[in-house]
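J.: Can you look at this prediction? I've put the sequence above it.
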Amino acid sequence: MNYIIKNLLEKELVYDGEIILKYHIEYPSIESNSSENINFNYYNKNLALELQNKSENELYKEAIETYKYNKENGYPIMVYEVYRNFEINTNNIISLYADEYIFQGGAHGNTIRTSQTWNMIAGCMINLESFFKNQPYFIIEILKEINRQIAKNPEIYFENTCNLVLNTFKPKNFYLTYNGIAIYFQQYDIAPYSSGIRVFII
């Protein structure tokens, strides 16, 4: 049995005595150090370290410039935020998604979802096609089902949704749930910000 550990990188970055950026970055690891789990642990730790590096360098520099501008012009101090969490389903196949929220000022921040599905016996990631053996037209069937679900509540989506679904669908954007395969679209792909990240269970 795999035991998932939730690891955390967390820090508040200060400039001129003020907190101008804070990050909270979660990432999973598996307690056992078997060879099959090393790839999973290495991959997820690296994702977290990349986001930490981006926060402490690129975003911190940008936050300093925003701080200086706001202070010079009498605007409120704005704190940049980076928040990454994950949800995970486990068994011999581990499937997870992570939501990465970055606030850089403006009306609201932006959330990007990423996902991974691993065969823990082989110690490697698996793709969407693996669940549709001998079904060469599985993507067409998925797109038809997504559009069928959209038709139930078309008002929460952009117009011309069929074309948007076709143009923004990415086979890597999936994870497993107990009810089926979840296919998701990023914010603004097929619906306004207020509709959030749209998820379709296949």
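T.: Right, received. Where do you want to start?

J.: Check which residues of the longest helix along the chain are buried.
T.: Secondary structure assigned by DSSP state H gives helix 35-54 as the longest helix of the chain. For helix 35-54, burial by neighbour count (16 or more other Cβ atoms under 10 Å) applies to 36, 37, 40, 41, 44, 47, 48, 51, 52. To be clear about C-beta, it is placed using only N, CA and C from the backbone, and glycine gets the same treatment.

J.: again, but for stretch 153-172
T.: 157, 161, 164, 165, 169.

J.: any chance of those in a markdown table, plus distance to residue 56?
T.: Formatted as a markdown table, the buried residues of stretch 153-172 follow (distance: Cβ to Cβ, whole Å):
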| residue | distance to residue 56 |
| --- | --- |
| 157 | 38 |
| 161 | 39 |
| 164 | 36 |
| 165 | 37 |
| 169 | 34 |
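
J.: low-confidence ranges in this protein?
T.: The chain contains residues with pLDDT under 70 at 1-2, 33.

J.: check which helix or strand covers the residue most central in space within it.
T.: Closest to where the C-alpha atoms of the chain average out (Cα atoms, centre = their mean) is residue 113, at 2.1 Å. Here residue 113 sits within strand 110-119, counting by DSSP states H and E.

J.: Quickly run through the sheet partners of that strand, with directions.
T.: Here strand 110-119 has these sheet partners by DSSP bridges: strand 93-103 (antiparallel), strand 124-125 (antiparallel).

J.: ok, and what's touching it?
T.: 40, 43-44, 47, 92-104, 124-127, 172-176, 184, 186-187, 197 (Cβ atoms under 8 Å, 6 or more residues apart in numbering).

J.: if you set the cut-off to 6 Å instead, what comes out?
T.: 40, 93-102, 125-126, 175, 184, 197 (Cβ atoms under 6 Å, 6 or more residues apart in numbering).

J.: ok, now stretch 179-195?
T.: Taking Cβ under 6 Å, 6+ apart as the rule, stretch 179-195 contacts 113, 156-157, 161, 164-165, 168, 173-175, 197-202.

J.: So which of those is the closest to residue 81?
T.: Taking Cβ to Cβ as the measure, residue 81 lies nearest residue 113 of the contacts of stretch 179-195, at 16.9 Å.

J.: Quickly list what that closest one is bridged to.
T.: As assigned using DSSP bridges, the partners bridged with residue 113 are residue 99.

J.: how much space between it and residue 126?
T.: When Cβ to Cβ, to the nearest Å is applied, the distance between residue 113 and residue 126 equals 18 Å.

J.: just residue 63 next, same as before
T.: Where residue 126 is concerned, residue 63 sits at a distance of 38 Å (Cβ to Cβ).

J.: more neighbours, these two?
T.: Using other Cβ atoms under 10 Å, the more surrounded residue of residue 63 and residue 126 is residue 63, with 23 against 14.

J.: Please name every helix or strand in contact with the helix or strand containing the more buried one.
T.: If you go by DSSP H and E, residue 63 is part of helix 60-72. Secondary-structure packing of helix 60-72 (3 or more Cβ pairs under 6 Å, 6 or more residues apart in numbering; DSSP states H and E): strand 4-15, strand 18-30.
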